[in-house]
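Q: next one to model:
(one chain, ligands or ions: 1)
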Amino acid sequence: MKRIVKPELLDLLPPKDLLALGSRRDLRRLNGWMGHSRIMARQLNSAWAAAKCCQVADLGAGDGHFLLRLARRWRGGAPQKALLVDRQALPHGDILHDFARLGWNAEFVTADVFHWLEQTRSLRGVGLITNLFLHHFAPTALERLLQAVAGSATFFLALEPRRSIRAALGSRAVGLLGCNRITRHDAAVSVQAGFNGSELTRLWPEPAGWALQERPAGLFSHLFIAQRNTLDNAPLPFQQPSPRAGSRHNCTRPAGGGASTRREIEGFA
Ligand SMILES: C[S@@+](CC[C@H](N)C(=O)[O-])C[C@H]1O[C@@H](n2cnc3c(N)ncnc32)[C@H](O)[C@@H]1O
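A: Coordinates of the predicted model:
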């Protein structure tokens, strides 16, 4: 199957559109049915234990429910900070309080991921995750995104649709699970734009210094793991984007806590 990237309807709808809200609810259920929080939690717990990370960011985080599920399955000390980066300012209710109850200091960042990665100069000491996001991008944009990730993060975990016959059949059946027409359209488009083989590994810009894995996961999904080799892993103080380039932030691993508010295009502070 040739990879084809087409626009997804959810990306074109305003955040508060009823169909968009319904489709985001569908996504939560689909993530559950596909076992994505279980698969990602297992990988995240082990990547976190191996790396000297203290913060985590979810790229294309949507309404935050995916990361919240991971927080509930978390085995380590809470990250010092968790960022939920999405270009849409999505309604998220009380979710930051749910994070806070788990001891997580979570924050929404409304930003285009490309802009955010370029603006946040060093993410060393930060683990990046992403779920159902990379398949949005054609190879050139994807290469640029992975370049920015590899230039900074300590580890990167991506769980995406698998471009396979089984996933294509599954995507045609989401209507039977009660998903709305936006989700039905986007599920099929997502599988066509999904990945298989070692497509993401081939796009990774600097294999030296990284341990890379790419493989099928669950029935319908494709997992990519990039972990910086241990000697390179030492956390660095954050370099804030200008004009705060001089401010320093030591990256240790205290327990998190307390809800915080949404801020426009910000990095870790
Ligand atoms: C299919 S949804 C997945 C949401 C979430 N990860 C989940 O599993 O529920 C993809 C998300 O990526 C966001 N997105 C798409 N392009 C983006 C970009 N360039 N920068 C930031 N977010 C983006 C969309 O707004 C959407 O919330």
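Q: residue contacts, I4?
A: Contacts for I4 (Cβ atoms under 8 Å, 6 or more residues apart in numbering) come out as Q192, A193. C-beta here means a position set from N, CA and C on the backbone, and glycine is covered the same way.
Q: any idea how far it lies from V191?
A: I4 sits 10 Å away from V191, going by Cβ to Cβ, to the nearest Å.
Q: got it, and P91?
A: Remark: distance between P91 and V191 (Cβ to Cβ) = 27 Å.
Q: and what of H92?
A: Noted for H92: a distance of 27 Å to V191, by Cβ to Cβ.
Q: of the two, which one has the most company?
A: Shown here are H92 and V191; by other Cβ atoms under 10 Å, V191 has more neighbours (25 against 21).
Q: now the host helix or strand of the more buried one: mean pLDDT?
A: Following DSSP states H and E, one finds V191 within helix 181-192. Mean pLDDT, helix 181-192: 98.
Q: with only the CA atoms kept, save that helix in CSV.
A: Coordinates of each C-alpha in helix 181-192 appear next as CSV, following Å, rounded to 0.1, in the frame of the first residue of the first chain:
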residue,chain,number,x,y,z
ARG,A,181,-18.9,10.7,10.3
ILE,A,182,-15.8,12.9,11.0
THR,A,183,-14.2,9.9,12.8
ARG,A,184,-15.3,7.5,10.1
HIS,A,185,-13.6,9.7,7.4
ASP,A,186,-10.5,10.4,9.4
ALA,A,187,-10.0,6.8,10.5
ALA,A,188,-9.7,5.6,6.8
VAL,A,189,-7.5,8.6,5.8
SER,A,190,-5.3,8.0,8.9
VAL,A,191,-4.6,4.4,7.9
GLN,A,192,-3.7,5.4,4.3
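Q: helix/strand/coil for the residue sitting nearest the centre point of the chain?
A: Residue closest to the mean C-alpha point of the chain, counted by Cα atoms, centre = their mean, is T130 at 1.8 Å. Three-state assignment for T130 (DSSP: H, G, I helix; E, B strand; the rest coil): strand.
Q: for it, give me its contacts.
A: Taking Cβ under 8 Å, 6+ apart, one finds D58, L59, G60, F156, L157, A158, L159 in contact with T130.
Q: report pLDDT for it.
A: Value for T130, per-residue pLDDT: 98.
Q: how about G246?
A: Looking at G246, its pLDDT stands at 31.
Q: start at 59 instead
A: Will do, 59 is the new start, and the previous item becomes G304.
Q: A107 - nearest residue in space that isn't next to it in sequence?
A: Once flanking residues are discounted, A107 sits nearest to G134: 6.3 Å by Cβ to Cβ, 6 or more residues apart in numbering.
Q: distance of the one you found from F214?
A: Where F214 is concerned, G134 sits at a distance of 18 Å (Cβ to Cβ).
Q: list the buried residues for stretch 190-210?
A: The neighbour-count check on stretch 190-210 (16 or more other Cβ atoms under 10 Å) flags 190-195, 200, 202-204, 206-208, 210 as buried.
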